[in-house]
Every structure is written in C-alpha cells, then in structure tokens.
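K.L.:
sequence and computational prediction follow.
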Amino acid sequence: MWYFIRPDAVSALEDPKVIEALPRYVDVVKNKKLAKFRICRLIPVEISGDESTEELWNIHKKLINEYIKLEKELDEGKPIPLETPKFSLLHLKATIAQRIMRSCILCERRCMKNREKGELGYCKVGKEMLVSSYFDHMGEEPEIVPSFTVYDF
Ligand code: SF4
C-alpha cells in the first residue's frame with residue numbers, strides 16, 4: 001500500500017547512497033533479510049526469573065555470539081525456523097529493560113527513579129505507559145517510509 005502513497009520511498013531504496021548508509025534496513029524492507037528483533041525472537045533463553053540484573057546481563061552477553069552466528073546463517077540463506085521459543089533473547093532484552101526501570105536510566109536524563117514502584121522522573125512516565133496513537137507514518141523522509149510511530153500522552 002505504501003508503495004502507491006509514497007513512490008519516492010520506493011525509489012529511495014534503489015539510491016546507492018541510501019543502500020550504502022542503511023544496507024541492512026534496505027534488505028529488510030525488501031524482504032531479503034530478517035529484522036534483528038525477529039532474529040532475537042528465534043534464540044531460546046532459559047532463566048528462572050530470580051537472577052540478578054547483572055546475571056541477566058551476563059546471559060545476554062553470552063547470547064550475543066549466538067545471535068551473530070544465527071544472523072550470518074540466516075543472511076546466507078538458512079531457512080527461518082518455523083517455531084519460536086517460549087522465552088527468547090527478545091524477552092530477555094525486555095526483562096532487562098524492566099529491571100532498568102527500577103533505577104531508570106533509559107534515557108539521557110538518568111533520573112534513577114524506581115518506575116516499577118510508581119516514582120516519576122522527568123518524563124512523568126511510571127510503570128505503565130499511556131499511548132495515544134500508533135500507526136504506519138507515511139510523512140517521513142523517503143528513506144524511512146513507512147515508519148512505525150508511537151505517540152504517548
Ligand atoms: S526521563 Fe523518564 S525514561 Fe528518562 S531516565 Fe528519567 S524516568 Fe527514565
């Protein structure tokens with residue numbers, strides 16, 4: 001659909017400067033490669049939930065090598081597994097992000113507030129985030145159309 005709305009975005013994917021600057025992005029949009037978050041979803045992780053944040057980071061660090069290997073294999077044509085694990089590297093990343101919210105340094109403000117307990121930092125966002133809208137944005141620069149856009153309150 002977006003091809004018809006923004007033909008300039010289709011042309012941008014053939015622009016050598018765009019291909020040079022955003023090689024993987026262009027391949028993902030053209031369905032030649034998997035997006036990185038999708039590769040993360042394919043890597044199984046086993047944790048009990050009792051691990052410290054440092055232990056979770058250590059597990060994450062070890063799995064990055066597995067991620068690099070799988071990305072290379074998939075880029076070279078290995079078939080995409082049909083089954084996804086119940087708990088994956090993507091879930092692990094989300095779990096670590098939730099842990100960071102306990103002393104929030106998710107942005108450059110580094111407020112160190114415990115958002116899980118409802119403390120509010122500069123952004124005034126606690127444990128839950130209210131989203132006012134989300135949609136495929138067609139108004140960005142041609143190189144990044146469509147962009148999935150999320151607006152909070
Ligand atoms: S502004 Fe919000 S997201 Fe950023 S560090 Fe502070 S509490 Fe975290």
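P.N.:
Sure, I can see it. Numbers count the residues shown, from 1 in each chain.
K.L.:
in which helix or strand would I find the residue lying closest to Ala35 once chain neighbours are set aside?
P.N.:
Spatial nearest neighbour of Ala35, excluding adjacent residues (Cβ to Cβ, 6 or more residues apart in numbering): Val28 at 4.9 Å. Any C-beta I mention is one placed from the backbone N, CA and C, and that applies to glycine too. Under the criterion of DSSP states H and E, Val28 resides in helix 23-29.
K.L.:
and that helix, how far from the chain's centre?
P.N.:
15 Å (Cα atoms, centre = their mean, to the nearest Å).
K.L.:
please save the CA atoms from that helix in CSV.
P.N.:
Output of helix 23-29 as CSV, limited to C-alpha atoms (Å, rounded to 0.1, in the frame of the first residue of the first chain):
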residue,chain,number,x,y,z
PRO,A,23,22.3,-1.6,3.9
ARG,A,24,20.5,-4.0,6.3
TYR,A,25,17.5,-1.7,6.6
VAL,A,26,17.1,-1.7,2.8
ASP,A,27,17.4,-5.5,2.7
VAL,A,28,14.8,-5.9,5.5
VAL,A,29,12.3,-3.6,3.7
